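In: Sequence and predicted structure, then a few things I'm wondering about:
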Amino acid sequence: MSDAEWAVVRDAMPVPGWLEGRGGQPESYCHRQMVDAVRYLVAGGITWRAMPADFPAWDRVYAFFRRWRDKGLTAEFHVRLRDRVRQAAGRDPEPTAAVIDAQSVKAAASVPAVTRGFDGGKKVNGRKRHIVVDTLGLLLAVMVTAASVTDRGAGQTLLARLRERHRRVTRVWADGGYTGRLVDFSREVLRVALTVVRRSDDASGFAVLPKRWPVERTFAWLMRSRRLARDYETRADTSEAMIRWSMSMVMSRRLARRPS
């Protein structure tokens with residue numbers, strides 16, 4: 001990170017407990033080095049043991065990543081950056097509209113059979129990333145499942161999580177994979193208007209669809225992180241943490257006025 005980007009990241013990082021008088025002791029490592037090391041792994045797609053010698057030892061970096069994942073610090077860090085990006089764009093920190101979609105990716109041999117499956121539509125054996133983004137393309141909710149899980153099946157759980165965390169969201173746009181009972185469930189139970197934006201029958205090849213394009217752009221941002229080109233993680237929550245780290249790089253660079 002540049003100094004300007006580190007200033008943005010440092011202000012958004014969760015405050016250690018010992019600084020707030022909640023016990024514990026100061027960390028023995030530099031937070032900037034640890035964050036840089038995790039970002040390097042996500043962007044470069046390397047393995048943990050291939051961490052360059054310029055960074056702290058790989059097992060200490062992994063311990064840092066694991067602690068942030070398990071204690072919810074990665075999600076908290078991501079939320080703080082997202083709120084600042086929305087404010088910098090002249091938006092309220094809490095969104096009122098969102099877009100939902102899913103992406104199937106191949107899984108590495110390290111992914112256990114119980115959390116992987118086959119997506120018959122995309123012909124992919126692996127996992128599926130279900131995400132909800134705001135109208136700027138910023139991540140609001142993420143869930144990683146086996147690729148065999150349908151969009152409608154995962155969408156019910158994901159929209160419930162979205163409604164719990166973002167009470168002001170009242171409209172969500174989706175593609176044709178979210179039709180059926182999910183639309184009724186969203187309206188009657190969650191009080192969210194799920195609007196399906198259909199592709200024209202006359203369209204051929206790639207076409208930018210209104211309201212749906214922000215989530216497609218978000219998937220493009222994520223695929224620029226080589227660690228996300230394929231799912232390498234044993235645990236689904238680790239995959240979700242990698243997605244949040246990838247989005248945090250997009251947002252911190254934007255706040256530091258660097259190309260994302």
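Out: The structure has been received and is ready for your questions. Numbers count the residues shown, from 1 in each chain.
In: CA atoms for contacts and neighbours, from now on please.
Out: OK.
In: so what does the helix or strand containing residue 184 touch, helix or strand wise?
Out: Assigned by DSSP states H and E, residue 184 falls within helix 181-185. In terms of contacts (3 or more C-alpha pairs under 8 Å, 6 or more residues apart in numbering; DSSP states H and E), helix 181-185 is packed against helix 151-165, strand 193-196.
In: Which parts of the following helix or strand past the last one count as buried, going by neighbours?
Out: Meaning strand 193-196. Next in sequence after strand 193-196, counting helices and strands by DSSP H and E, comes helix 213-223. Within helix 213-223, the residues that count as buried by 16 or more other C-alpha atoms under 10 Å are 214, 215, 216, 218, 219, 221, 222, 223.
In: Tell me which other helices or strands helix 213-223 touches.
Out: On a contact count with 3+ C-alpha pairs under 8 Å, 6+ apart, helix 213-223 meets strand 97-106, strand 124-133, helix 236-255.
In: Most tightly packed of the helices and strands packed on helix 181-185?
Out: Highest mean neighbour count of the helices and strands packed on helix 181-185: strand 193-196, a mean of 19 (counted as mean count of other C-alpha atoms under 10 Å).
In: And for it, what's in contact with it?
Out: 170, 171, 172, 173, 174, 175, 176, 178, 179, 183, 186, 187 (C-alpha atoms under 8 Å, 6 or more residues apart in numbering).
In: Pull out the buried members of these.
Out: Buried among the contacts of strand 193-196 (16+ other C-alpha under 10 Å): 170, 171, 172, 173, 174, 175, 178, 183, 186.
In: from the chain's centre, how far out does the helix holding residue 184 sit?
Out: Distance of helix 181-185 from the chain centroid (C-alpha atoms, centre = their mean, to the nearest Å) equals 24 Å.
In: Equivalent analysis for stretch 65-74, please.
Out: That offset, for stretch 65-74, works out to 14 Å (C-alpha atoms, centre = their mean).
In: Do me a favour and get the end-to-end distance for it?
Out: Start and end residues of stretch 65-74 are separated by 8 Å (C-alpha to C-alpha, to the nearest Å).
In: And the helices and strands packed on helix 181-185: which comes nearest residue 142?
Out: Closest approach to residue 142 among these (C-alpha to C-alpha): helix 151-165, 7.3 Å.
In: what's the angle between the closest one and strand 124-133?
Out: Here helix 151-165 runs at an angle of 30 degrees relative to strand 124-133 (axes from the mean of the first three to the mean of the last three C-alpha atoms, to 10 degrees).
In: Need the pLDDT of residue 24.
Out: Per-residue pLDDT puts residue 24 at 63.
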